[in-house]
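Q: below are the sequence and a predicted model; questions follow.
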Amino acid sequence: MAELMAGRGDWFDAERGVLDRRIFSDPDIYAQELERIFARAWNFVCHESQVAEPGAFFMSWIGEDEVIVVRDRDRQIQVLLNSCPHRGNTVCRAEQGKAASFLCSYHGWNFDLDGSLVGMPGEDAFYRNDIDKDAWGLGRAAQVAVYRGFVFATMDPTAPPLEDYLGWVGRLGIDLIASQGDMVALDGVMKNRLKCNWKIAVDNLYDWYHVKVSHGTAMRVGFLSEASMAPNDQMVILGEYGHGIGGPGLSEQQQAEFEERMRTGEGAPQWYDIQAARRLDPAVREQLGPVGTRALGHPNIFPNLWVALTRQVCLRIPRGPLETELWWFTFLPKDATEQERRTTVFMANHVFGPAGLLEQDDGENWSHSTRGATGAVTRRRPINLGMGRGHDAVTLDPSGQSCIETVVNEHGQRWTYQSWQEWMRSESWAALEADHSQPPEGTV
Amino acid sequence: MAELMAGRGDWFDAERGVLDRRIFSDPDIYAQELERIFARAWNFVCHESQVAEPGAFFMSWIGEDEVIVVRDRDRQIQVLLNSCPHRGNTVCRAEQGKAASFLCSYHGWNFDLDGSLVGMPGEDAFYRNDIDKDAWGLGRAAQVAVYRGFVFATMDPTAPPLEDYLGWVGRLGIDLIASQGDMVALDGVMKNRLKCNWKIAVDNLYDWYHVKVSHGTAMRVGFLSEASMAPNDQMVILGEYGHGIGGPGLSEQQQAEFEERMRTGEGAPQWYDIQAARRLDPAVREQLGPVGTRALGHPNIFPNLWVALTRQVCLRIPRGPLETELWWFTFLPKDATEQERRTTVFMANHVFGPAGLLEQDDGENWSHSTRGATGAVTRRRPINLGMGRGHDAVTLDPSGQSCIETVVNEHGQRWTYQSWQEWMRSESWAALEADHSQPPEGTV
Amino acid sequence: MAELMAGRGDWFDAERGVLDRRIFSDPDIYAQELERIFARAWNFVCHESQVAEPGAFFMSWIGEDEVIVVRDRDRQIQVLLNSCPHRGNTVCRAEQGKAASFLCSYHGWNFDLDGSLVGMPGEDAFYRNDIDKDAWGLGRAAQVAVYRGFVFATMDPTAPPLEDYLGWVGRLGIDLIASQGDMVALDGVMKNRLKCNWKIAVDNLYDWYHVKVSHGTAMRVGFLSEASMAPNDQMVILGEYGHGIGGPGLSEQQQAEFEERMRTGEGAPQWYDIQAARRLDPAVREQLGPVGTRALGHPNIFPNLWVALTRQVCLRIPRGPLETELWWFTFLPKDATEQERRTTVFMANHVFGPAGLLEQDDGENWSHSTRGATGAVTRRRPINLGMGRGHDAVTLDPSGQSCIETVVNEHGQRWTYQSWQEWMRSESWAALEADHSQPPEGTV
Amino acid sequence: MTAFADLTLHEQMLLTYEAEQFLYREAALLDDRRLDEWLELLTDDIHYWMPIRRTTTAKEIDREFTEPGGMAFFDDDRSTLAMRIQRLSVGRAWAEDPPSRTRRLISNVQIVRMEGDEVETTCNFQLYRTRLASEEDSWIGRREDVLRRVDGQHSMAPRHKNMEQTVILAQNMSSLF
Amino acid sequence: MTAFADLTLHEQMLLTYEAEQFLYREAALLDDRRLDEWLELLTDDIHYWMPIRRTTTAKEIDREFTEPGGMAFFDDDRSTLAMRIQRLSVGRAWAEDPPSRTRRLISNVQIVRMEGDEVETTCNFQLYRTRLASEEDSWIGRREDVLRRVDGQHSMAPRHKNMEQTVILAQNMSSLF
Amino acid sequence: MTAFADLTLHEQMLLTYEAEQFLYREAALLDDRRLDEWLELLTDDIHYWMPIRRTTTAKEIDREFTEPGGMAFFDDDRSTLAMRIQRLSVGRAWAEDPPSRTRRLISNVQIVRMEGDEVETTCNFQLYRTRLASEEDSWIGRREDVLRRVDGQHSMAPRHKNMEQTVILAQNMSSLF
Ligand code: FES
Ligand code: FES
Ligand code: FES
Ligand SMILES: [Fe+3]
Ligand SMILES: [Fe+3]
Ligand SMILES: [Fe+3]
C-alpha cells in the first residue's frame, strides 16, 4: 500500500490491460477511495421528482456519508449531511417523506429545510444566546446542481461545475434517458446488498460479454431475445474523468436503414425500433448528436451511476471494500399511456433487482469475483482486461463526437480503471484536472 | 492518528468547546484508551455485598479484560484475570456464584480463591515438581480497594491510592448513594449492548438537556414529573482526573427553606424531599459537606461509572469503538421497609435497562451519534460542546468544596473530554499526576 | 509488531518455555503466517482416493486460498487456484464431484482439468485471437506431490521436494496410517468451525495432558478406557521444520513383551494390541523402523495436519486469527471386513467432529484459550510451556531414528512453537533451510 | 352465505387444519425442489406479489408499502412464475447451481375470511437458505393467501407477501416465498 | 372438577385450537401495531414478567433466573403496560419512530393446566424486529400464559416470558413480547 | 390396513394433533434439560441419524447426503444416546457446564405415512442455543420421525434429521436435535 498512500499507486497497466486484484479488497485502498473519489466527485443522489414539493425529502448516500436531499421553502434542492452538529445524532431516520423541519431527537436542535439551525431548547436560558447559529447548521454539500432532473452533489468546493464534470459523454449518458420524455421517478426504490466491491458492479455495466453465459436462461426461457440482450455490434464512447457509454450501437448504415424503414413502413421490425424511434424527433437528435443518436448502450456516470436501458438507473453505494448496496430507480414519462406504464413497470419488476430474472444470476458472480481478490496467493495473480485492446480505432465525427465502433470488448472497463487510478493518484481536484487523461484517439 | 499515538493528541479544544468526532470511532484511539485509561484507572468492578462470603464470586470487566471478583478464605476481595496461565483458557465461565477454587477445564490447573496456583495434575509425575507455582497463579489486579462497599481495582501498580484517585468529588459521588443506608446490591444485574462508543454513554449522564426531548413521552404519560426529570436549576461539581457531578441542586436558600419546611412541617412538599430528607441527619451532612448536601445530580467516577438517583449505578463497558455494554446494579438499605423495597424495585425495573420507559429512548440516539462519527466527510465536522461556556463561575465554599450553580449546561461534558485528553496524552501515571489539570476556578 | 514484520520476531523463549500470547490473536502476525507459512509450506489437500478418476475433483484450502484438487486426463493430480484469471470469479462451487472441465459462470472462460485455458466465447470475434491462452490458465500450485496416497501441494517453487520436507519424521507420521493397508478415504468429510486460533488446535494434538480433565466424562461413562486415552508412558519424536509425533509409545521392553505375547498367545491383552498387531508384519516394521514400530502417538505434519489414531486425519484450516475450520477425513483399508468397516465408522462418528463424544468438550476450551490472548492486559501475560523441559533425553537408535521416551510432556508443543518462530523469521525458503534448527539431541 | 365466524368451532378447526396442511405441503414442495408440482398448486389468476417496504415516520406509516401496479420485488402471474421455474431446469441458472438449501417454517396460520370456495389465510413464515459452504440468509415475514377449492383440491389464488426488510440483506432472492 | 388430561382427545384438541388461535390473534395485533386492541385482551390482574437470566454453573442452575418481586426486564401490571402503549401515541417516542417492523412466530403451543375458566398454556416464540435500513434483532424464548374466559371471550391473565439471552444483544426492548 | 389418506379429515386431524403434542412435549423435555425422561420416549430400535451434507452441482445433487452406514454427525442407537445423556450427569461435561440455554421451535408437522401402530411424521425445526454471555447458534432443518404406539403411549422409533448447513457454523453440537 505504501506506494498508493504516497499517491504513486500503480495498479492498472493500461498498456497491457492487466489489473491488480487488490483494488477490490484492500481496506486502505478503499479508505482512500472514500476520500479521493466519493468525497470529491459529483455524485448522483436522486431525481428532482422525488423531492417535488418543499419539505419533500429523500435519503441518499455519498460514499459512506448519508445525506438528506430535500426541497427547501425557496424550492431549492439542498443536500445535507444527516448528522447533528451537537452530538452527531441522525436528524432524519426515514428513507423518504415530507418534513416541515428536521428536529433532532436527542436534544431538539431544530434545522430548517435548508439545513440552517433555526433554534434549540434553551437557546436563551441555557445557551445565554451565546451560540453562533449560522456556524452550526447541518453540513451542506459543497455544490449541488441538477442536470435535466438528475440531482448531483459534490463535497468538494474546488470541483468543476457539474456540466464540465459530465462533459458531453456524461451529459449524453443522462440524455439517453432524459430524452425519452418529461421523466418522473416511480415510487419505490429497490435496494439490496451484495458482497462485492463496488467497482466489480461498475465494471459489469460495460460488460456485454457476460450476458450470454450469465443470463443464458433468461433467453432460453424466452424472457428476452438474444438479439436484444447480446448483440455483437457495439459502440463505445469514452469521456473525461472516467465517464463512458458501452453497448449496442447502430452503424451509420443501420441508422439510415432504420430511418428509411420508419419513413416507408417497409422492412422487418428490429428489437431497437422502440428505443430508436424516439430519436426520430429532430429535437432529440439535435440533443443527442449524430453519434449519440445511434447509441443503444449503457452509460456510467463516474464513479457509480449506471443508466440502464429499462428506463432505470442503478446507484452502486460502497459499504466497505467487500460490500455494495444497489439502488434501482425507475422512470416514466409524465405523459406515458397506461400501456406504456405497464410495460415499464413489468420490465423493472422482472429484469433487475434481487429477484430479477437477469440480476439474480449476477450477484454470486460478483461476490465471488471479489472473493477472488482476497486469498494471500490468489490476490497476487493479475486480472485480464485485454479484450479487443489494440484492435479498434476511435472515429471522430465532424460534430466533435467520437466513438469506437466495434464488437463486444473491454474498452469501457479499461477506461474506468485507468481513470480510477488517476483519481486515486491525485492529491486534489487541481491535480486531477491537470493530470487526468483525455479520452483516447486513434487506435485503442 | 500519528500525533495521538505520539502522545500529542489534540482532539478537544477546551477554549472553544469543540470536539473532534473521530474519538468516537477511530480504532487506534480506542486501542490506546484500553492501554492508557482502562488498564491504568481505578475501575469499579462490583459491590462487596455481591461477594459477601468466602468463595462468592462475581464476574466483571476492566476494559476488555474479564476479571473474577472473589472473596478469598481470608475474606479479602481478590480481582483476578479470568485466564489460565497455562494456555489462556477461561477458568470461570459463570457470571456469579460460589466456588471452592477455580479449576481450569482444559488441563485441570487449580487456583485458590486468591488466585494462587495450588496444584495441577501430574505436578510430580509430569512436571517433575519443576514449576514455580508462586510465579504462575492467575494474574492479579495491581491494586484493589473498597470505598464504602464499592469495590475498585487498577491494573497499574503506580496508580495513586483509591481515595486520592477519587478525591473529594469522587468520594462524594459514591457517598450520595452510600449515605442512604447500609446498602446491599439486589440480585440481578441488567445487561445489554448498544452500538455506541462508551464516551457517548458517559457524556449522557451529565446531560440534563436531552431529558425533555428524548424522554418527553415519559412525562406526558405521567410516569415521571417534569419537575423531577428536567429541573432548570443545576449544580456542577468537578474533580481531579475527570470525576464530576452534574444535575439538579438546591441553592443555599432552597436548602434553608427545605430544612425549615421539614422542621415546621409547613409548606408545599417538593419532588426532592425524599432524597434530601436523609441529609437532615447531621452525620450525613457532615459526610457530604455543605455543598454535597445540596447536590441532587449525577456523579460519574471516571472513566465509566454512573451513580444514578434511582439507587442504581451503571457501568459502561467498552466493546470496541462502536459498541458498549451497560450493566445496571441496584441497591437497597439493609433495613429497608417492604414498601421501600417495592418502590426501589419498581423504579429500577421501569426507568432504566433496555425496556426502561426512559432508557429505551436513549439507545438509538447514542448509537446514531456514534454513527455520526464514521462517514469520511461527516467525521471531519466538529461537535459543539459550548453550552454555558464562559457564563458561569465556580464558587468556593469555606469548607473547601466548590461548585458551579447554574442552569442546564455542558460543563460536566467539557470537563470529561478535557480530562480524557490528558489521560490519553500521558505516557504514565507519573506523567498524568504531573500534568493533569486541577478543576477550574473562577469563570468557566 | 515492528520487530516481527522486520523478521526478528521474538515470541517464544525456548530456553524458558515461555510464549507470548499475542501470536494467537494479532492480525499482523496472522497475515504474515499466510505468507510465510501457508503460502510456503507443503500443505495436505486430500487423499488420492478422493480424486480417483479423471475429472474427479475435491475442493480444499491452502491457508485462505481455495484450491481445486482434480485428476486430469493424464491421470495427473492438479492443484489449481479456484479463481478465474478474467475477473476472479470462482470457477468451481461444489465441494466435490466430477467435471469434464471448469466453465466459469461469469463469462464462460473454460478451463481444462489441468487448469489450462482451452477457450472462451468470442476468442475469435471479440478477442481477435489476440490472447495468449497459455499465459492465462488457472493458477497452479508451484509443486504437487503424493506420499503414499496423501496429496500435498506448495505455492512456493523454491520449496524442497516433499520427501525432504517431510523428512523421516513426517514420512513416519503418514506411514503410521498408510501402513494399515491400502487405504481409501470414506465418503463424507466432517467440517465445522471453531472460534480459535489454528495453532491452539495444533498444540492440542500433542496434548495428552488434557485428556483426563477435558474428556473425563467419556471415560466415566465407559465410552473409552483410561488406559487407552491417557497412558502416562509417552514417546516423542521431533523432526525438521516442525513435524513431530507425540503420545503413547511402547518401551523396547514393552514391545518385546508384546511380541512374545503375540507369539505365544499367553499374557493379558493390552489396549494397543490391535494397533501394534499390524506392526508384526516385517515389511511394516521395516517401513516404520525400530522406533516408529513402537510409536502409538499423534503425528503432526507441519503446519496443520493431524494424523489421528482413529484412522482419521484432521486438517486445521485458518479462517482469520480467531477462527479455524476443522476437516475430518476417515480412511479404511480396501480389504477391510464389514466388521472392521463398522468399527472404524463407529469410532469416526462418535469420537471426533462437532458432536463427537470427545471433541465436543474441546471446542470451548480452545476458543477460550484464544480469547485469553485478546485482552489488553491479559495478553501481556506469558503462557507456560514448561512441562518436562530439561528433564528428558533424546535417545538415538542405531537405525538413526531418535526419540524421547518419557511421560506426559510438552516437548511436542515447544518444538512446534520454536519451529513456527523460525518459519516466521525467514524471508525465504533459502533462509529457512539455512537457519532452521535441527531436532534437539541430548537433554531436552 | 355463511361467514367463517358463523361456523362451529369444530368446523373452523377442520378448515384451519386443511389450510395448515396445504401450506405445509406447499412449503415442502419448494424445499424439496419439486417446483413443477408446486406450479400445479397455483390458480390461473394468481398474483404473486411482494411490495417494496420503506422506513417512514410514524406520521407517514401509510406510505410504508408500494402499491399493486407499482414497483415490487415480486409481481408475478402464472406465466412469469413458470419462467422462474423453467429457468432452473434448462441449466446454467447460476444463482441456483449449486442448488440452495432452503427450509420454510410456517406458523400462526389463521383463516381471516371464507367465501364460497375460497378461504383467505394469513400466516407468518421464516425462509432460511444456505448456499455453498457457509452463506446463510433468513427472511421472515407475513403471507396472505387465498385458497380456492377446485374440484375437491385446494389451489392457491392471489397471494401477497410482506417482508420485514427494507434493504434486502441478501445477494439475491432466487427462492420462491 | 375435570383436569385437562381427563378430557377426550377431541376436547383437548378443541381447547388447544382455541388457545392457538387466540395467541395468533394476539401476536397479529402487536405486529399490526393495534396496541389499544391488544390492551383489551388483558385481564386486570395480569403480571407481565420477564426475569433476568444468568449464566451459572450446572451446580447452581437453580439460581438462573431472578425471582418475582426482584429485578426484571419486564415487571408490569395493566397500568404500566398501558403507559408503554400510550407513549407511542403521544408522539416523540423515538425508540418507535420510525416504527419498528416486527413479526412474532408462535409455535409449540401446549395446554399444561385447566382449571375452571382458565387454561394455562406454554409456547415458544421468535420475535423478529427490523428497524431503519438494516438493523435486525431476533429474540427467541418461551412463554407461559394463563387464558381466562371472560363472558365467552378469552383474555390474558398473568403471563411470564423467559428469554434465552443473558446479555440482551439489542439496543432496547421497545417491543412487547 | 387403512392408509392415512383413507381416514376422514377429522381422524387425520386427531392423529396430527397427537403427533404435534408429542413432538412439543419431546422438545420441552430437551429444553428443560429433563434428559432422562426424554430417553424414556425412545424405542429400543431408534436410529438417531444426521448425515453430512455437501454442496454439489445440480447435476450431482443425488450425492448431497452421506448414506446410512457411512460418515455422519449423529449415528446413534439407544445405548450411545444414553451415554450422551449420562455424560451430563457425571460432571465435568465442559461443553454443557455452564449449561446451554436451548429453545426448539417445531413447525410444519405432517403425517406422511400410517401403518399399524406407527405413524411417520415430518416437521421442520429451529434449534436456538445461547451459551455464556453472548454466544448464539441457530440450527434449522427438517426431521423425519416414526412414532409408535406402545401400550397406549407414543414413543420414538427411527428418526432422521437433515441440517441445512454443510460446514457446521458452531463450535460443537452438544445439544440433541
Ligand atoms: S445531538 Fe442533536 S440536538 Fe443534541
Ligand atoms: S489451560 Fe488451564 S490448565 Fe491448561
Ligand atoms: S470471470 Fe471468469 S470468465 Fe470472466
Ligand atoms: Fe448481468
Ligand atoms: Fe436519557
Ligand atoms: Fe481433546
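A: Happy to help now that I have it. Ligands and ions are numbered 1, 2, ... in the order given.
Q: every contact and neighbour count from this point should use C-alpha atoms.
A: Will do.
Q: chain D against chain A: which residues are in contact?
A: Residues of chain D lying close to chain A (CA under 8 Å from any CA of the partner chain) are D:52, D:54-57, D:60, D:66, D:69-75, D:83-84, D:86-88, D:90-95, D:166-174.
Q: so what's the residue of the stretch 201-350 of chain A found nearest chain D up against?
A: Per CA to the nearest CA, A:T217 is where the stretch 201-350 of chain A lies closest to chain D, at 5.4 Å. Taking CA atoms under 8 Å, 6 or more residues apart in numbering or on different chains, we find A:T217 in contact with D:R87, D:L88, D:V90, D:G91, D:R92, D:A93.
Q: pick the one among those residues closest to A:S228.
A: Checking the contacts of A:T217 against A:S228 with CA to CA, the nearest one is D:R87 at 18.6 Å.
Q: who are the packing partners of the helix or strand encompassing D:L23?
A: In this assignment (DSSP states H and E), D:L23 forms part of helix D:9-31. On a contact count with 3 or more CA pairs under 8 Å, 6 or more residues apart in numbering or on different chains; DSSP states H and E, helix D:9-31 meets helix D:35-40, strand D:101-115, helix E:9-31, helix F:9-31, strand F:101-115.
Q: list the buried residues of the second one.
A: In other words, strand D:101-115. For strand D:101-115, the neighbour count (16 or more other CA atoms under 10 Å in any protein chain shown) marks D:R101, D:T102, D:R103, D:R104, D:L105, D:I106, D:S107, D:N108, D:V109, D:Q110, D:I111, D:M114 as buried.
Q: mind putting those residues in TSV, distance to ligand 2 included?
A: TSV is the format used below for the buried residues of strand D:101-115 (distance: CA to the nearest ligand atom, whole Å):
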residue	distance to ligand 2
D:R101	39
D:T102	40
D:R103	40
D:R104	43
D:L105	42
D:I106	45
D:S107	45
D:N108	48
D:V109	51
D:Q110	54
D:I111	58
D:M114	65
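Q: for the residues you listed, which two are the farthest from each other?
A: It's D:R101 and D:M114 that sit farthest apart of the buried residues of strand D:101-115, by CA to CA, at 34.7 Å.
Q: for the residue in the stretch 151-300 of chain A that chain E sits nearest to, which three-state class applies?
A: At 9.7 Å from chain E, A:K191 is the closest residue in the stretch 151-300 of chain A, using CA to the nearest CA. What DSSP: H, G, I helix; E, B strand; the rest coil gives for A:K191 is strand.
Q: does A:E163 really touch A:L172, like I thought?
A: No - between A:E163 and A:L172 there is no contact under CA atoms under 8 Å: 10.9 Å.
Q: quick one: which of these two has more around it?
A: More crowded of A:E163 and A:L172, by other CA atoms under 10 Å in any protein chain shown: A:L172, with 25 against 13.
Q: mind checking pLDDT for that one?
A: On the pLDDT scale, A:L172 is placed at 98.
Q: residue contacts, the nearest residue to it once chain neighbours are set aside?
A: Nearest in space to A:L172, with sequence neighbours left out and distances taken as CA to CA, 6 or more residues apart in numbering or on different chains, is A:L288 at 6.2 Å. Shown in contact with A:L288 (CA under 8 Å, 6+ apart): A:L172, A:D175, A:L176.
Q: run a quick neighbour tally on the second one.
A: Right, the one you point to is A:D175. A:D175 is flanked by 19 other residues according to other CA under 10 Å.
Q: quick one: pLDDT of residue 67?
A: Unless you meant another one, I'm taking chain A. 98.
Q: try again with chain D
A: 94.
Q: do I have it right that it meets D:M50?
A: No - using CA under 8 Å, D:E67 is not in contact with D:M50; the gap is 9.9 Å.
Q: who has more neighbours out of those two?
A: Comparing D:E67 with D:M50 by other CA under 10 Å, the one with more neighbours is D:M50, at 23 against 14.
Q: are we agreed that the more buried one is in a helix?
A: No - D:M50 is assigned strand when assessed by three-state DSSP, not a helix.
Q: tell me the contacts of it?
A: Counting by CA under 8 Å, 6+ apart, D:M50 has contacts D:A72, D:F73, D:F74, D:D75, D:H160, D:K161, D:N162, D:M163.
Q: same check, this time on D:W49
A: When contacts are counted by CA under 8 Å, 6+ apart, D:W49 touches D:P68, D:A72, D:F73, D:F74, D:D75, D:D76, D:R159, D:H160, D:K161.
Q: now with 10 Å, please.
A: D:68-69, D:72-77, D:143-144, D:158-162, D:177 (CA atoms under 10 Å, 6 or more residues apart in numbering or on different chains).
Q: out of the residues you listed, which is most surrounded?
A: Counting neighbours by other CA under 10 Å, D:A72 leads the contacts of D:W49 with 27 neighbours.
Q: beta partners of that residue?
A: Under DSSP bridges, the beta-bridge partners of D:A72 are D:P51.
Q: find the helix or strand that residue 175 is a member of.
A: Using chain A. With DSSP H and E as the test, A:D175 turns up in helix A:162-178.
Q: would you turn the buried residues of strand D:101-115 into a markdown table with pLDDT?
A: Shown next, in a markdown table, are these (pLDDT from 0 to 100):
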| residue | pLDDT |
| --- | --- |
| D:R101 | 94 |
| D:T102 | 94 |
| D:R103 | 95 |
| D:R104 | 96 |
| D:L105 | 97 |
| D:I106 | 97 |
| D:S107 | 98 |
| D:N108 | 98 |
| D:V109 | 98 |
| D:Q110 | 97 |
| D:I111 | 96 |
| D:M114 | 93 |
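Q: next, the contact list for residue 170, please.
A: Defaulting to chain A. Here A:G170 is in contact with A:162-164, A:237-245, A:299-302 (CA under 10 Å, 6+ apart).
Q: you answered for a different chain; I wanted chain D.
A: By CA under 10 Å, 6+ apart, D:A170 lies in contact with A:N192, A:R193, A:L194, A:K195, A:P354, A:G363, D:E135, D:E136, D:D137, D:S138, D:W139.
Q: for the third one, which non-adjacent residue is closest in space?
A: It stands for A:L194. D:Q171 (4.6 Å).
Q: what residue of chain D is the furthest out?
A: Largest separation from the mean C-alpha position in chain D: D:K59, at 29.4 Å (CA atoms, centre = their mean).
Q: need the three-state assignment for that one.
A: Secondary structure state of D:K59, per three-state DSSP, is helix.
Q: which residues touch it?
A: A:G97, A:K98, E:G91, E:D97, E:P98, E:P99.
Q: and the fourth one, how many residues sit next to it?
A: Read that as E:D97. E:D97: 22 neighbours (other CA under 10 Å).
Q: and the spatially most central residue of chain D, what pLDDT?
A: Centroid-nearest residue in chain D: D:F177, 4.5 Å away (criterion: CA atoms, centre = their mean). If you check D:F177, the pLDDT there is 81.
Q: was I right to think it contacts D:L30?
A: Yes - counting by CA atoms under 10 Å, D:F177 touches D:L30, with 8.8 Å between them.
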